[in-house]
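Chemist: got a sequence here, can you model it:
(chains A and B)
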Amino acid sequence: DSGVTQTPKHLITATGQRVTLRCSPRSGDLSVYWYQQSLDQGLQFLIQYYNGEERAKGNILERFSAQQFPDLHSELNLSSLELGDSALYFCASSVEDVNEQFFGPGTRLTVL
Amino acid sequence: AQSVAQPEDQVNVAEGNPLTVKCTYSVSGNPYLFWYVQYPNRGLQFLLKYITGDNLVKGSYGFEAEFNKSQTSFHLKKPSALVSDSALYFCAVRDTARGGNTPLVFGKGTRLSVIA
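Modeler: Predicted coordinates:
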């Protein structure tokens, strides 16, 4: 158990809908990262937050947004969902940027 | 731009034999290098990292990796493979030349299959 929690574990929804994925980092970790893992694209970095502020942005679509709250938990919002958004979404946390990241168990999103 | 390559999609090895999972990288400055393992339906687990110092890094579950600057490689090794090592392995790199906001870049993963 990495200490990073993600909810929900599974999410099935329809195209055009909006969903929110939640992540709680390990105790003491200030950085939260979101990744998308799909069969054809591998593991893609989406966005990083550090102590409530956006720190780095990767291949995140404009339909996706994230935030980190004062208690350091983070939410990833996915809107206007498309079939191609079906993937595993991982959250990871670390103490600082230079340290190893610890990954949550992921949320499997299926868009029908 | 930083990048990492795992040239083998699949590696098969007999139980008890040594295993190697290859990784090469490209960065502008000095690299921070990481290996992660992913078991089915699980998140990625950290195995080991190279930041600086000794080129041979030892990690979890008997794995080690050797940093080779001239060959820009960071191959993962284990002297004696176990069936339970069968999983998906990811190499990742961060380019220190680009500052602290540089995200980790992951390779596409190598599926290791250890056969009894």
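Chemist: just give me the neighbour total for residue 57.
Modeler: Reading this off chain A. A:Lys57: 13 surrounding residues under other Cβ atoms under 10 Å in any protein chain shown. Every C-beta, even on glycine, is put in place using the N, C-alpha and C of the backbone.
Chemist: not what I meant, chain B
Modeler: By other Cβ under 10 Å, neighbour count at B:Val57 equals 21.
Chemist: swap in B:Phe90?
Modeler: B:Phe90 has 26 nearby residues by other Cβ under 10 Å.
Chemist: for stretch B:13-32, list every residue counted as buried.
Modeler: Across stretch B:13-32, burial judged by 16 or more other Cβ atoms under 10 Å in any protein chain shown covers B:13, B:19, B:21-25, B:27, B:31-32.
Chemist: ditto for stretch B:67-86
Modeler: B:67, B:72-76, B:78, B:81, B:85-86.
Chemist: likewise stretch A:78-97?
Modeler: Across stretch A:78-97, burial judged by 16+ other Cβ under 10 Å covers A:78, A:81, A:85-94, A:97.
Chemist: can these go into TSV with extra columns for secondary structure, pLDDT and distance to chain B?
Modeler: Below are those laid out as TSV (DSSP: H, G, I helix; E, B strand; the rest coil; pLDDT from 0 to 100; distance: Cβ to the nearest Cβ, whole Å):
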residue	secondary structure	pLDDT	distance to chain B
A:Leu78	strand	98	19
A:Leu81	coil	97	22
A:Asp85	helix	96	19
A:Ser86	coil	96	16
A:Ala87	strand	95	14
A:Leu88	strand	95	9
A:Tyr89	strand	97	11
A:Phe90	strand	96	6
A:Cys91	strand	96	9
A:Ala92	strand	95	8
A:Ser93	strand	94	11
A:Ser94	strand	91	9
A:Asp97	coil	69	5
